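> With the sequence up front, the predicted model follows.
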Amino acid sequence: MLDFIYYPVSWILWFWHRVFGFALGADNGLTWALAVVFLVFTLRLVLYKPFVKQVRTTRQMQELQPQIKELQKKYKNDRQKMATEMQKLQKDHGFNPLMGCLPVLAQVPVFLGLYHVLRSFNRTGTGFGQLGMSAYDNAHTANYVFNADDVQSFLRARIFGAPISVAITTPRTQLDAFLDYGGIPQVVNIAAVAIPLMVIAGLATHFNARASVARQSPEAAANPQAALMNKMALWVFPLGVIVGGPFLPIAILIYWVSNNIWTYGQQHLVFGRIEKEEEQKKQQAIERRAANAPKPGAKPNPGAKPNPKNKQKTGSTDEPTDAPVDAPVTDGDASTASRNGAAAAKPGKATAASRKGGQGNRKRSGNRGRANQKRRR
C-alpha cells in the first residue's frame, strides 16, 4: 500500500550501499551504516530550502505575535472574523504557516519507510506485519530493489558483532535467521552497540531543542502553549528516545543520531546567515538615515524662505511703499486683508518690521503731513 514510499527509500539506500561497498566491501557493517547515514543526508539536502522557509516563517510569526494577540483579543467572540483577519495578516506579510511543518512532515514517511525496509530484511517473525518466512526463504527472497544477494549481505553485516537490523528486544526466533550468515548474535553485543546510540540520540535531541528554544523571542517563549512545547522538546522527547530505544533496530538509532547531527549543523548555518542578512539590513537603514541627516555644524532650517520670483508674480513685496501712512483703508483693501487672514500672519509681521526698519533709516519730512492735510481740504 505504501510502496510509493518504500521503493524510493530502498533505492537511495541501495545506491549508497553500492558507493561505500566499493571501498569497504559489500558485507561490511560500516558500509550499511554509512548507507543509512547518507540516506538521511540525501533527504535533508532535498529539504534544505523548505527548512530555510520554515525558519523564516517561524521568525515572522514571532515578530507578528503582538498583532496576533490584538486580533485574538479584538475578535474573541467572533471566531470566523478572527480567522478571516488572521488570513489577511498572513497574506499581507507573505508567509504560510504550513511551511513551518513541511520539513518535519516530510521526514515521517521516510522514517516509516526506512523502518519497514530494514525490518523486511528479516521476515521470519510472526507478529504484526510479519510474513513468518523460514530462514532459508527469507535469505533467498528479494527485498524491494535489493536482490537475494543483497539480503544475504545485509544478514552477514555486523557492527561489533551486532546486525544493524536487530533491536535489544528482538525475539530469539528472529535471531535464528542469522545462523548461516555470521552466527546468531548475542544480546550483549546488541546492547553494547544500541545503548550508546540511544544515549547519544537522546542527548542530541535535547541539545537541538535547547538551541531552538534559545532562539525564540521573549514574547513567543512567554506563550503558555509554547512553554509547554518547549518543555516537552527539552525533556519528554529525549527521554522517549532513550526509553523506546530498546525496541528500535540499530539502523533506526543510527538514523536518529545522524538526523540530529545534520539538524544541529544546519540550524547554526541557516540562523547565522539569516542574522547576517538582518544585520546588513539594519546597517543599510542606518546609512540611509545618516545620508539624509543634516551635516555636522549645519543649523536646521525649519521653514524655507519665500521665493523672490513668486513674489514678483504675485506682486507682493516687503519693501516700504510711497503710500501715505495715514491714508485711509478702502473697502477693497479690507476685503483683501480678510481673505489673506491667518495665512499671511507671519509675513505681515515681517513686513511691519521691515517698514519700521525703513522708517528708522529714512528721515521723514516734518511738513509732509500738513501738506497732505491741506490737499484734502
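Thanks, I have the structure now.

> So what's the residue count around Arg215?
As a burial measure, the neighbour count of Arg215 was computed by other C-beta atoms under 10 Å and equals 15. C-beta: built from backbone N, CA, C; applies to glycine.

> Check Val52 too.
Taking other C-beta under 10 Å as the criterion, the count of residues near Val52 is 17.

> Start the count at 522 instead of 1 going forward.
Will do, 522 is the new start, and the previous item becomes Val573.

> Could I get the buried residue list for the host helix or strand of it?
In this assignment (DSSP states H and E), Val573 forms part of helix 569-584. If you call a residue buried by 16 or more other C-beta atoms under 10 Å, then helix 569-584 has these buried ones: Pro571, Phe572, Val573, Lys574, Gln575, Val576, Arg577, Thr578, Thr579, Arg580, Met582, Gln583.

> Strands of the protein, start to end?
Here the chain has no strands by DSSP state E.

> quick one: which of the buried residues of helix 569-584 is nearest Val625?
The closest of the buried residues of helix 569-584 to Val625 turns out to be Gln575 (C-beta to C-beta; 8.3 Å).

> Please tell me the pLDDT value assigned to that closest one.
According to the predicted model, the pLDDT of Gln575 comes to 77.

> Over to Gln586?
Note for Gln586: predicted pLDDT of 73.

> number of nearby residues for it?
Applying other C-beta under 10 Å, I find that Gln586 has 16 neighbouring residues.

> if I read this right, it contacts Ser738, doesn't it?
Yes: in terms of C-beta atoms under 8 Å, Gln586 counts as a neighbour of Ser738; the distance is 7.3 Å.

> what separates Pro662 from Leu696, distance-wise?
No, residue 662 isn't Pro; it's Thr. Taken as C-beta to C-beta, to the nearest Å, the spacing of Thr662 relative to Leu696 amounts to 18 Å.

> is it true that Val530 touches Leu635?
Yes: Val530 is within contact range of Leu635, at 5.5 Å (criterion: C-beta under 8 Å).

> Let's test this: mean pLDDT of stretch 708-718, rounded?
Taken as a whole, stretch 708-718 has an average pLDDT of 94.

> buried residues in it?
Applying a neighbour-count criterion of 16+ other C-beta under 10 Å, one finds Asn710, Ile711, Val714, Ala715, Leu718 buried in stretch 708-718.

> tell me the mean pLDDT over the longest helix anywhere in the chain?
Looking only at the chain and at elements set by DSSP state H, the helix with the highest residue count is helix 771-813. Within the predicted structure, the mean pLDDT of helix 771-813 is 86.
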